[in-house]
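# below are the sequence and a predicted model for it; my questions follow.
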Amino acid sequence: MNPILKNVLAVLAGLIGGSIVNMSIIMISGSVIPPPAGADVTTEEGLKASMHLFEAKHFIMPFLAHALGTLAGAFLAALIAATHKAKFALAIGFVFLAGGIANVMMLPSPLWFTVVDLGFAYLPMAFIGGRLGMRKINCPSIGRWNFKQPVDIYKLIIKEIYFNQIDMNKEILKINKNGETLIITGSSIESKGTITTFEGMEEPGIGPPMHVHFKQEEMVKVIKGKMRIKTLTKEFSLLPGEEYIFLPGEAHQFWNEGDDLLHYAGHVKPSHNYEYFIRQLYRSCNEANDDKPNPFDGAFLLTV
């Protein structure tokens, strides 16, 4: 199918699918949590007049309708779109956010609900739905749940929209055990096999073990933090702005030598089977719930 047509269908499917989920939850909300006694919920005027009767529990279903509707719409958009999947998912979030703002203007609600609803039911859910649609649910700032997570999600959204520091269409790989993260910023498909570019993030003391690329060079350049490099003949540190190229056949390892997060960029040239290898390596580590692949996968990966 033509990519433009497929993208148009993705947006339509997201808007329609999200709206269906939204309205379905709204329609059953009264049977799940009955409205307060004396409240007229059949008309807009009745809702306005009855708003003072509503308790916090009566806002649960509207919030779920908005959040799950946006999640479903963004998921469909990212799943169907041919290109720019994350951006179309966020576009769905902005459309539903606009609807939420219009709804608040027409039907005033308590301030606390307005803040929670507009702040968390739309753009964060669109971000998560987009990642689910792309089947990329591992991301540097999203691991085990914590109360900083909504803030982390908004940071990623702001970086994507305003500063273009993180392209959410790029492939993000993460070893859950130690948090080692690799972002494929330029794939071999885009470069026709000439180069794979990446960015990595490591917690203190974390880094890949000693390894070797027999037919490829690997370059690493520190963006933030301090990297320690070790080869069979030398060991030294890299600071922000410094880089090093490992020649084909040069065994090496590197790790975060500092106390803060290490952020680095680099490339493998030419690509050959690097992307297949690294995907399978991260998959095997996560399936084994370890920071190294299981022995069978490890033996196989040595042959690819």
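Perfect, I can see it now. These numbers were taken from a predicted model, which means no experiment stands behind them.

# looking at it, N22 is touching L64, isn't it?
No: with contact defined as Cβ atoms under 8 Å, N22 does not reach L64; the gap is 9.4 Å. The C-beta positions use only the backbone N, C-alpha and C, and glycine is treated the same way.

# neighbour-wise, which of these two wins?
Higher neighbour count among N22 and L64: N22, with 22 against 18, using other Cβ atoms under 10 Å.

# look up how far C285 lies from the more buried one.
From N22 across to C285, the span is 39 Å (Cβ to Cβ, to the nearest Å).

# need the outlier residue of this protein, farthest from its centre.
G38 (44.5 Å; Cα atoms, centre = their mean).

# give me the mean pLDDT for the helix or strand containing V115.
In the assignment (DSSP states H and E), V115 maps to helix 111-120. For helix 111-120, mean pLDDT is 93.

# buried residues, the helix or strand just after it. List them.
Note on helix 111-120: by DSSP H and E, the next helix or strand toward the C-terminus is helix 123-133. If you call a residue buried by 16 or more other Cβ atoms under 10 Å, then helix 123-133 has these buried ones: 123-133.

# ok now helix 123-133, how far from the chain's centre?
8 Å (Cα atoms, centre = their mean, to the nearest Å).

# try stretch 250-260
Using Cα atoms, centre = their mean, the distance from the centre of stretch 250-260 to the centre of the chain it belongs to is 25 Å.

# first-to-last residue distance for it?
End-to-end distance of stretch 250-260 (Cα to Cα, to the nearest Å): 28 Å.

# how about stretch 208-223?
Taking Cα to Cα, the first and last residues of stretch 208-223 lie 18 Å apart.

# got a list of contacts for that stretch?
180, 199-200, 227, 229-230, 238-255, 262-272, 274, 292 (Cβ atoms under 8 Å, 6 or more residues apart in numbering).

# what residues sit buried inside the strand or helix carrying I92?
Using DSSP H and E, I92 maps to helix 85-106. Using 16+ other Cβ under 10 Å as the test for burial, helix 85-106 gives 85-93, 95-97, 99-100, 103.

# and which of the residues you listed is nearest to E44?
N103 (10.3 Å; Cβ to Cβ).

# quick one: the strands in the stretch 201-304 of the chain?
Counting by DSSP state E, counting those that start in this stretch, the stretch 201-304 of the chain has these strands, from start to end: 217-224, 227-231, 235-238, 243-246, 252-256, 262-269.

# which residues touch stretch 281-301?
173-178, 180, 182, 209, 277, 280.

# if we go to 10 Å?
With Cβ atoms under 10 Å, 6 or more residues apart in numbering as the test, stretch 281-301 has contacts from 138, 173-182, 206, 208-209, 211, 273, 276-278, 280.

# restricted to buried residues, select those in PyMOL.
Selection command for PyMOL covering only the buried members of the contacts of stretch 281-301, criterion 16+ other Cβ under 10 Å:
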select buried, resi 173+174+175+178+180+181+182+206+208+277+278+280
